[in-house]
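Trainee: With the sequence up front, the predicted model follows.
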Amino acid sequence: MRTQVAIIGAGPAGLLLSQLLHVAGVSCVLLEQRDRAYVEARIRAGVLEAGTVDLLTRAGVDERLRREGLVHDGFKLGLDGETFSIDIKALTGGSQVVVYGQTEVTKDLILACVARQTPLIFEALDVALHDVDSDAPYVSFTQDGEARRLGCDFIAGCDGFHGVSRAAIPEALRETYERVYPFGWLGILADVPPCDDELIYSNHARGFALASMRSHTRSRYYIQCGMGERLEDWPDTRLWDELALRLGPEAAAGMTTGPAIEKSIAPLRSFVSEPLRHGRLFLAGDSAHIVPPTGAKGLNLAAADIRVLADAMIGFYEKGDTEGLDGYSAKALARVWKASRFSWWFTSLTHRFPDMDPLARKMQLAELDYIRGSRAAQTTMAENYVGLPFG
Ligand code: FAS
Ligand code: PHB
């Protein structure tokens, strides 16, 4: 087998890259270790920046998103049960975000792959990268028990945090930065109407809580939980009660409870691996960086990487231009670090840290109180939340 771009991983990054390349007439093959049902069942992000919607439009997969996505002009911040709004549309001169689950984005992109006959190989096992620093790289893998080889010009490592691509960059050439947070997020998905028409991020003495949604009839909630907590310690009733406490009486009054259709615990970390390129290998998305989900940046940052990488690869094939490829890592990392900073800051502002002393708690409450009364502070928050302009 041979293609122009071998893409490892059929998450949002790999799938989006494949469709942007398809639209530009560049051939690619996607290698995904899991089966389609597993990939389409993953419950993850819920908020799309306008830049991500633009990319999905360019890839020609925005029809259902525009029909079903919920356009939001703002979100709420809660402080021990009292909430105030951050009017992102007014504060950013018109920018909005769209609430549309990553699960749906993935399904739309896979349907486009099928309709356009983009070679998407599910259950591709034992994927390994070879000769990435030569001009003839290739990927080996196993399909239906058969050893296969995929020759290519470039490899896009879109295989997430636990993938194999990042390790194909020699350790001596890699610099990694990591912070593991002393808590996780326990999330619940339920077919009940949301408690508010906006998302609510709540800092409560008992811990952080987030009220989100997937539609007018499907809600997504999270609470901060301890590192060692187990799902079996959190029956639905206990989780609904805790959410009502942490989100406060107003949100609780609007809350409809119901059986979880999904419940999971995710660890939180900040992670960046530099550089994003080695020879003919380019990393994008979670294979290169992880942010705590507080700022709703993970999926959007993956899309932002792909925007730069797709333009660079298309520029190479259309004009023989290598400038975009040579500048990819630095350009993508500039945005990665700013989004990582915002995600770390928003997490620090809203979560209870086990080692937080009384002064640190007072500082946290003072910062929230300052944001409540400052247009300048709210503008800073809003412009990061909607996604910084592309340089
Ligand atoms: P992904 O991890 O989504 O995709 C990588 C793909 O590569 C997977 O399909 C995997 O099976 C495949 N793969 C891995 N190893 C492979 C191998 N060796 N060979 C072949 N294929 C391989 N972001 C937000 O913005 N908001 C959120 O609320 C949010 N919540 C999250 C909750 C959880 C539990 C997690 C884990 C992440 C969350 N994120 C959130 C971040 C998440 O949405 C990621 O940023 C997003 O999935 C990144 O997309 P990809 O880079 O494509 O990586
Ligand atoms: C979600 O709906 O899953 C979601 C929304 C906003 C966030 C994080 C997660 O900041």
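Mentor: Nice, I can see it. Numbering: from 1, shown residues only. Ligands and ions are numbered 1, 2, ... in the order given.
Trainee: so how far is ligand 2 from the closest residue to Ala10 other than its chain neighbours?
Mentor: Using C-beta to C-beta, 6 or more residues apart in numbering and skipping residues adjacent in sequence, the residue nearest Ala10 is Glu32, 3.6 Å away. Yep, even glycine has a C-beta here, placed from its N, CA and C like the rest. To ligand 2, Glu32 is 22 Å away according to C-beta to the nearest ligand atom, to the nearest Å.
Trainee: now check stretch 50-69, is it near ligand 1?
Mentor: No: Stretch 50-69 does not reach ligand 1 (C-beta under 6 Å from any ligand atom); its nearest approach is 9.3 Å.
Trainee: Between the two ends of that stretch, how far is it?
Mentor: This stretch, stretch 50-69, spans 12 Å end to end (C-alpha to C-alpha, to the nearest Å).
Trainee: what's next to that stretch, contact-wise?
Mentor: 16, 19-20, 23, 48, 95-100, 104-105, 108-109, 111-112, 215, 299-300, 303-304, 306-307, 386-387, 390 (C-beta atoms under 8 Å, 6 or more residues apart in numbering).
Trainee: does stretch 201-220 come close to ligand 2?
Mentor: Yes: for stretch 201-220, a contact with ligand 2 is found by C-beta under 6 Å from any ligand atom, at 212, 220.
Trainee: what's the average pLDDT for that stretch?
Mentor: The pLDDT scores in stretch 201-220 average 97.
Trainee: Check whether stretch 373-390 comes near ligand 1.
Mentor: No: Stretch 373-390 is not in contact with ligand 1 by C-beta under 6 Å from any ligand atom; minimum separation 10.9 Å.
Trainee: Give the buried residues for that stretch.
Mentor: For stretch 373-390, burial by neighbour count (16 or more other C-beta atoms under 10 Å) applies to 378-379, 381-388.
Trainee: The closest residue to ligand 2 within the stretch 101-250 of the chain: helix or strand, and which one exactly?
Mentor: In the stretch 101-250 of the chain, no residue comes nearer to ligand 2 than Ser212, which is 3.2 Å away by C-beta to the nearest ligand atom. Element membership for Ser212, per DSSP states H and E: strand 209-213.
Trainee: so what does that strand touch, helix or strand wise?
Mentor: When contacts are defined as 3 or more C-beta pairs under 8 Å, 6 or more residues apart in numbering; DSSP states H and E, strand 209-213 packs onto strand 200-203, strand 219-225, helix 236-247.
Trainee: looking at those, which is closest to Ala136?
Mentor: strand 219-225 (45.4 Å; C-beta to C-beta).
Trainee: Which residues of the stretch 51-200 of the chain lie near ligand 1?
Mentor: Residues of the stretch 51-200 of the chain lying near ligand 1 by C-beta under 6 Å from any ligand atom: 102, 124, 127, 158-160, 162-164.
Trainee: filter those to the buried ones?
Mentor: 102, 124, 127, 158-160, 163-164.
Trainee: any idea how far Thr350 is from ligand 1?
Mentor: Note on Thr350: its distance to ligand 1, by C-beta to the nearest ligand atom, is 14 Å.
Trainee: returning to what we had before: show me which of the buried residues of stretch 373-390 is closest to Ser27.
Mentor: Once C-beta to C-beta is applied, the member of those that ends up nearest Ser27 is Gly387, at 30.2 Å.
Trainee: before we move on, which element is the closest one in?
Mentor: Per DSSP H and E, there is no helix or strand for Gly387.
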